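Visitor: Below: sequence and its predicted model.
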Amino acid sequence: MRNLRWSRPTIVLAVLVALALVSIVCFMTLGARGSWSFIIPFRGRKLIGLILVAYSVAISTVLFQTVTNNRILTPSIMGFDALYILLQTSIVFFLGPQMLALINPYAQFGIEVALMIAFSWLLFQWLFLREGRSLHLLVLVGIVFGIFFRSLSNFMQRFLDPNAFQVLQDSFFASFSSIDPTLLGVASLLVGLVSLLLWRMGHSFDVLSLGRETAINLGVDYKRTVVIILASVAVLVSVSTALVGPITFFGLLVASLAHGLIGNSKHRYILPAAVLLGIIALVGGQTLFERLFAFDTALSIIVEFLGGFVFIILILRGAAR
Amino acid sequence: MIITSGLKKYYGDTAVVDDVTVELPACGITSIIGPNGAGKSTMLSMVSRLLGMDAGSVTVDGLDVSKTPSDVLARRLSILRQDNHMTARLTVQDLVAFGRYPHSKGRLTIEDKEHIDRSIAYLNLDEFRNRFLDELSGGQRQRAFVAMVLCQDTDYVLLDEPLNNLDMKHAMGMMKLMRRACRELGKTVVLVLHDINFASWYSDYIIAMKNGKVVRHGDKNAIINPEALKEIYEMDINVHEIGGHRVSLFYD
Amino acid sequence: MRLLIVGIVLTIILAIISLFIGVSDVSLATLLSSSPQDRPMQVLVMSRIPRTLAILLAGSSLAIAGLVMQIIVRNRFVEPSTAGTTESATLGFLVVTLLAPGWPLMAKMLVSAVFALGGTALFLRILRFVPLREVLLVPLVGIMLGGVIGAITSFFAYRFNLLPSLLAWNMGDFSSVLRGRYELLWFGLAGTIMAYIAADRFTVAGMGQDFTTNLGLNYKRVMTLGLIIVSIVSAVVLVSVGSIPFLGLIVPNVVSLMVGDNMRRTVPWVAVLGATFVLLCDIVGRLIRFPYEIPISVVVGVVGSALFLYLLLRKRHNA
């Protein structure tokens, strides 16, 4: 028997759990003044928001990479969060603020998520289910799609009245310090449902990472599995974008780090590792910037900087091979 | 027995596989030969449901491949394509263990582990079993994939150009292994081959394709003769008999 | 040649139309019926003519910068905004605004151009690790490099509370062009003329170092000249009107589809089409929500990225 208990992935996961816990404790306690009965619910809501975002981004990125069989593309690099913002803008644009005021925010979020699932499936089908497309073409097309979606939402936003414009304009920039609390409940519910669904098909993830043909050979119902995973990815991207806004490289960063640290490709290690890394980066990073350096939106800028760097290295290394 | 009837596949306007109706006998080695672009790999992909068909049907022991659930088929028939790129970082043992997935959905039983050990031993991969695939040579990786397919323990094993990347010694080893698997384990092996001498030496039955159609099929001696080979490859090929086997010479 | 003349006439017509679009009433009738000191004439001279000139200059020179870049990098899909050039120019402008806010615009522009040159040189340096045949990798690396440089810029802008100004610079917009605030763009014309004079050299340099040396040309010198033209044009346009994405990518590619790749022939085409394209986008931006304006970079962003996608997904891209 191999000694599984202290293999490398187990040690890595244990260390990550410890670090994540330390970040969470620091986030909740550092610099706390005033009564705990105020601080705990106030910071607790933020904490739940950050954890939801870390979880959604990590899971959606790892699974997207498994389905598309590469380590460079992520949902946000493919323009999925820009797509979400475009859908959000289109709803405001076509319904108008008067109509919008009549719908409650949950229903609006529900419509956005449903549209997101439909459109991301179309995009995926159009781009991936054709043969002979190189990875580089896909990445480039994805990035340009992202730019296109962003420009188009920007264009539509120019037609709105200044108030609505301001609200939407904010949605272009990720901010980890101002998480919309109204959506926390419905977001948790959605993430919980998606997780349950994914948990039940968890055994097929490793098989999928062998590639389409091998997966079919091993009896995976490929199309059905991919549809379910992509729909889940769309939901998770909607959740994280709705909560904090678009963050292009965060997923790439945690997924690459998780693969590097764990050293093999088993999802039962990679998925928790990516989630924990996400929590450490967001909760720990936010604590660091908010409490120690006292500037708050800088975290998203740093994530983009590091992520872009990792991306260039990954792609050059891939090309050198 | 695998039966295809009226099998067709188009890319644009050109038919890559054009109305193929053929029976692949159970037990023994069947080789599919033919010039480049004859539609051999496309046909194998359709037989193994990797590729949808535009018309026609395929049945494996009476199961229609386009209607039977994928996991049921995965316990009857296995397929290995020529290039298996993957991003996952796996050891040889991990990869071979995936062969048991159709049977146990990822929870390995003691019986599964025996299958894994046997397949690894069968392909002489014991010393590599804990090495990562990206640390192996092309030939070793190829053998690891074949071990996975054997570990899947299906009656039908379909291999698309399994001798690519292999040197003469390993190519011969691979073919001997297939012959052994047929004789000892009663498997049916279907191969796409480019080297007609390998086909002639090791297979029992040969299907020859050209321009998307099956031009000849039958016992190997019905195909390995100058007249049939001329029709298939449009070149003069001398056939000599050495030790009871037919060998083709086509060097000018 | 005759087609080109048609193109030029079309551009002139569009330019004249562009002169008469705006909130204040400027038309032939009002111009003729009022004296030079009156409002219509003043608006025309102070705002409308400078704006139209700025559009023509920025459009043609950015398109040319894209063309030069594509030839020296030997890749269809590069232009200042897919090679880190624009972002480096922005970083330079931010740095000089922080350190020497009192300098004249000309000096700021030069600093910005130096940064653009540095950023583009860095891009070319990274490209040495990219195999030449990996056509699509080149713009990919460029866009990402631009992203990384952009993140550095945002960070400093954030630290020094300049984020709103940074957003304003990045948003290409002709609405604030007035007499006295666009003249730097004439450097763009100089760049275009230089590109035309040196066209043959660029064409040769585009065939590679060995080939160029074989013909007795100094490869390094041609490359440097190209980089200087690209950097100055990018900096000038950025400082005067802001960034206009994808322009330098789309126009040369469309021209290449129309008349081929001989640079002697393509330079005038690219210049004319670049100007026309920006004129059209600007007119659309001004009319679509009259009396409000939609900035040029938003219009070009939509049209440009859509056209870029088309170029990428065309069935056979022989890039």
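Guide: In hand now; what should we look at? Numbers count the residues shown, from 1 in each chain, chains lettered A, B, ... in the order given.
Visitor: Quick check, pLDDT for residue A:297.
Guide: As predicted, residue A:297 sits at a pLDDT of 60.
Visitor: mean confidence score for stretch A:54-65?
Guide: For stretch A:54-65, mean pLDDT rounds to 94.
Visitor: same thing with stretch B:93-102?
Guide: What stretch B:93-102 shows for mean pLDDT is 90.
Visitor: Is that stretch in proximity to chain A?
Guide: Yes - with Cβ under 8 Å from any Cβ of the partner chain as the criterion, chain A is reached by stretch B:93-102 at B:94, B:95, B:98, B:99, B:101, B:102. Quick note: C-beta positions are derived from backbone N, CA and C, even for glycine.
Visitor: what's the closest residue to the first one other than its chain neighbours sitting at in phi/psi?
Guide: Just to be clear, that refers to residue B:94. Leaving aside its sequence neighbours, residue B:94 sits nearest to residue A:264 (Cβ to Cβ, 6 or more residues apart in numbering or on different chains; 7.3 Å). Backbone torsions for residue A:264, taken as degrees, to the nearest 10, come to phi -130, psi -180.
Visitor: Closest one to residue A:99 out of the residues of stretch B:93-102 next to chain A, please.
Guide: Minimum distance to residue A:99 across these is 50.4 Å, recorded for residue B:101 (Cβ to Cβ).
Visitor: The spatially closest residue to the closest one that is not a sequence neighbour and residue B:248, how far apart?
Guide: In space, and not counting its chain neighbours, residue B:101 is closest to residue A:218: 4.7 Å by Cβ to Cβ, 6+ apart. For residue A:218, the distance to residue B:248 equals 37 Å [Cβ to Cβ, to the nearest Å].
Visitor: of those two, who's got more company?
Guide: residue A:218 (25 against 18; other Cβ atoms under 10 Å in any protein chain shown).
Visitor: Find me the pLDDT at the more buried one, would you?
Guide: Note on residue A:218: pLDDT of 90.
Visitor: cool, the one 3 residues further on as well?
Guide: The predicted local confidence for residue A:221 comes out at a pLDDT of 89.
Visitor: Over to residue A:253?
Guide: We have a pLDDT of 90 for residue A:253.
Visitor: Tell me who's in contact with the residue nearest to residue B:94.
Guide: Counting by Cβ atoms under 8 Å, 6 or more residues apart in numbering or on different chains, residue A:264 touches A:9, B:89, B:90, B:91, B:94, B:132.
Visitor: which secondary structure element contains residue B:9?
Guide: Element membership for residue B:9 (DSSP states H and E) is strand B:2-11.
Visitor: does that strand come close to chain C?
Guide: No - using Cβ under 8 Å from any Cβ, strand B:2-11 stays clear of chain C, with a minimum separation of 13.5 Å.
Visitor: Summarise which helices and strands that strand is packed against.
Guide: Applying 3 or more Cβ pairs under 8 Å, 6 or more residues apart in numbering or on different chains; DSSP states H and E, we find strand B:2-11 packed against strand B:14-24, helix B:40-47, strand B:55-60.
Visitor: Now do that strand against strand B:14-24, angle only.
Guide: Strand B:2-11 and strand B:14-24 are oriented at 180 degrees to each other (axes from the mean of the first three to the mean of the last three Cα atoms, to 10 degrees).
Visitor: Give the pairing partners of strand B:2-11; include direction for each.
Guide: Counting by DSSP bridges, the strands paired with strand B:2-11 are strand B:14-24 (antiparallel), strand B:55-60 (antiparallel).
Visitor: Tell me how far the first one lies from the chain's centre.
Guide: Think strand B:14-24. Its chain's average C-alpha position is 17 Å from that of strand B:14-24, according to Cα atoms, centre = their mean, to the nearest Å.
Visitor: Can you dump the C-alpha atoms of it in PDB for me?
Guide: Coordinates of each C-alpha in strand B:14-24 appear next as PDB, following Å, rounded to 0.1, in the frame of the first residue of the first chain:
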ATOM      1  CA  THR B  14     -16.700  15.500 -50.300                       C
ATOM      2  CA  ALA B  15     -17.600  12.100 -49.000                       C
ATOM      3  CA  VAL B  16     -14.700  10.900 -46.800                       C
ATOM      4  CA  VAL B  17     -16.500   7.600 -46.100                       C
ATOM      5  CA  ASP B  18     -18.900   6.700 -48.900                       C
ATOM      6  CA  ASP B  19     -21.500   4.100 -48.300                       C
ATOM      7  CA  VAL B  20     -19.500   1.500 -46.500                       C
ATOM      8  CA  THR B  21     -21.200  -1.800 -45.700                       C
ATOM      9  CA  VAL B  22     -18.900  -4.400 -44.300                       C
ATOM     10  CA  GLU B  23     -18.700  -7.000 -41.600                       C
ATOM     11  CA  LEU B  24     -15.700  -7.200 -39.200                       C
END
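Visitor: returning to that earlier point: mind putting the contacts of residue A:264 in a markdown table, distance to residue A:72, secondary structure and neighbour count included?
Guide: Output for those, formatted as a markdown table (distance: Cβ to Cβ, whole Å; DSSP: H, G, I helix; E, B strand; the rest coil; neighbours: other Cβ atoms under 10 Å in any protein chain shown):
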| residue | distance to residue A:72 | secondary structure | neighbour count |
| --- | --- | --- | --- |
| A:9 | 23 | helix | 18 |
| B:89 | 15 | coil | 18 |
| B:90 | 19 | coil | 21 |
| B:91 | 24 | strand | 17 |
| B:94 | 23 | helix | 22 |
| B:132 | 20 | strand | 16 |
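Visitor: Return the closest of those with respect to residue C:105.
Guide: Nearest to residue C:105, judged by Cβ to Cβ, of these is residue B:89 at 54.3 Å.
Visitor: show me the contacts for the residue lying closest to the closest one once chain neighbours are set aside.
Guide: Among residues not flanking residue B:89 along the chain, residue A:265 sits closest, at 4.8 Å (Cβ to Cβ, 6+ apart). Applying Cβ under 8 Å, 6+ apart to residue A:265 gives the contacts A:206, A:209, A:259, B:87, B:88, B:89, B:90.
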